[in-house]
Structures are given as C-alpha cells and as structure tokens.
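Asker: Here's a sequence, model it:
(one chain, ligands or ions: 1)
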Amino acid sequence: MCIEFAVAKYPAIVRLRDGKECTVRLLQPEDAARFYEFLKAVPEEERLFIKPRLTPRLVRQWCRQLKPEENLTLVMLHGDRIIGEATLHQRPGGWKRHIGKVTVLTHPEYRGIDVAKLLVKELLEIAPHCGLERLEAELNGERKVAIRALYQLGFEQWAHIPGYLRDLQFRPHDYVLLGINLVTDEEYAAALG
Ligand SMILES: CC(C)(COP(=O)(O)OP(=O)(O)OC[C@H]1O[C@@H](n2cnc3c(N)ncnc32)[C@H](O)[C@@H]1OP(=O)(O)O)[C@@H](O)C(=O)NCCC(=O)NCCS
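Answerer: Numbers count the residues shown, from 1 in each chain. Model prediction:
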C-alpha cells in the first residue's frame, strides 16, 4: 500500500468544462469551516450517505481525525470555496478489503461541468496504489445523473434490487450497486514485462 506515492501530485490544477480553473487536493484539518459550508449547500436528501446530523462540530471532528488509509477525501476548490468532494472508503480487513467504495458530491451551483467526473477519475488513479482490485458505488436508483456519470467513467451495474432502500419518510427506493475492476500495480508491472 503506498498512498503517499499516489497523492504526491496534489495540489493539482484542473480545468472544468466551462473553463474555470480549480485545485484538487486532499481534505485538510484547516478545511473544516469551508467543508461544512459546502456540505450544508447540498440538499439533505442528496447527501443521504452521510448518516449523522450535520453540525460544524461534527465536520471539525472529521477534519481533525483524517485517516486517508480508511477514508481518502479529495476536494475541489474554486478559489477558496470547496465545490466538490470525492471519497475513497477502504476497509482495513474482512472479505471486502480489496474493494474500495466511492462517494461523490458536487456543490449545486457547480453541477454539469465535470466536477464529479474529474474527482472520481482521480480516485480511479489512486485506488490501484492502495492495493484495491475493485471500486464500488452504492446508489439510490433515482440518482440517474450520478449513475450516468459513473457509467461514463467505466463503472457497470453489478446489482439492482427494487425497493430495497428506505428514505427519511420510509419510502422505498431501488438499490443500485455499480462497480469497476481495476488494473492493480502488479498486473500493470506484469503487462509491461
Ligand atoms: C451526481 C453528482 C455527483 C454529479 O455531479 P456533477 O459534478 O454535476 O457531474 P459531472 O458534471 O461530472 O458529470 C455528470 C454528467 O451528468 C450531467 N449532469 C449533471 N447535472 C445534471 C442535471 N441536473 N441534469 C442532467 N444532466 C446532468 C453532466 O452534464 C454530465 O454528463 P455529460 O458529460 O454527458 O454532459 C451530483 O449531481 C451530486 O452531488 N448529486 C448528489 C449526490 C449523489 O447522488 N452522489 C452520488 C452517489 S455516491
């Protein structure tokens, strides 16, 4: 596992579809206030994968206890403002330890200009360096935009269970599992001979 190597390139400059120049880097403890502002801007029903109630204190705590080997969060900044985040979640052990989970969120004012795709693409490059063989993303079946964006990045549907999820009002939603197989460092080295 060599996360240091994989993230040595950050901060990196990227250009969005509308020409905006942004910075991608790891989330840092000093980001707590701007990360909270970003998360607050995203409607609650869209950040359902964040289970606890969002408070500045909770976000400060997250940012103080960053463990990139478990949850590696990349943020995209436009100026001083966080406009997107993507996290690679890893399990330290167990039968899914070779499978990373991806979550991604874009600020509502910055959608449709490649923020999510650029961030997930970065995670696709980092993941093989972490010894991961697959990435997965769990979604509510109604998240068509997210599903399409992940398809475009090479993810495919691995499972679809109708009515499996419940929202805050206990209404049913479809569960969709998307995934992608990664080329690991070892396979890459073997292919190069
Ligand atoms: C899903 C989400 C991350 C997409 O973020 P984004 O930065 O707007 O996505 P991108 O611009 O990188 O690309 C998404 C694709 O969907 C399109 N798109 C984005 N918003 C759209 C909208 N409201 N309607 C139609 N298409 C849309 C983009 O144009 C792009 O497609 P294209 O390349 O064919 O034009 C964002 O909508 C979001 O944060 N949703 C809530 C959280 C969520 O569902 N996360 C995923 C589960 S982990």
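Asker: quick one: secondary structure of Ala6?
Answerer: Taking DSSP: H, G, I helix; E, B strand; the rest coil as the rule, one finds Ala6 in the helix state.
Asker: Apart from its neighbours in sequence, what residue is nearest it?
Answerer: Beyond its immediate neighbours in the sequence, the residue positioned closest to Ala6 (C-beta to C-beta, 6 or more residues apart in numbering) is His129, lying 3.7 Å away. To be clear about C-beta, it is placed using only N, CA and C from the backbone, and glycine gets the same treatment.
Asker: isn't that neighbour right next to Ile3, touching?
Answerer: Yes - counting by C-beta atoms under 8 Å, His129 sits close enough to Ile3 to count as a contact (6.8 Å).
Asker: Wasn't Gly93 part of a strand?
Answerer: No - applying three-state DSSP, one finds Gly93 to be coil, outside a strand.
Asker: and the residue nearest to Ala6, how many neighbours?
Answerer: The tally of other residues near His129 (other C-beta atoms under 10 Å) stands at 16.
Asker: Check Phe155 too.
Answerer: Burial of Phe155, expressed as a neighbour count using other C-beta under 10 Å, amounts to 21.
Asker: Excluding chain neighbours, what is closest to it?
Answerer: According to C-beta to C-beta, 6+ apart, the nearest residue to Phe155 is Leu178 (4.2 Å).
Asker: Identify the bridge partners of the one you found.
Answerer: When bridges are taken as DSSP bridges, the partners of Leu178 come out as Ala137, Gln157.
Asker: Count the residues that sit near it.
Answerer: A count of nearby residues for Leu178, using other C-beta under 10 Å, gives 22.
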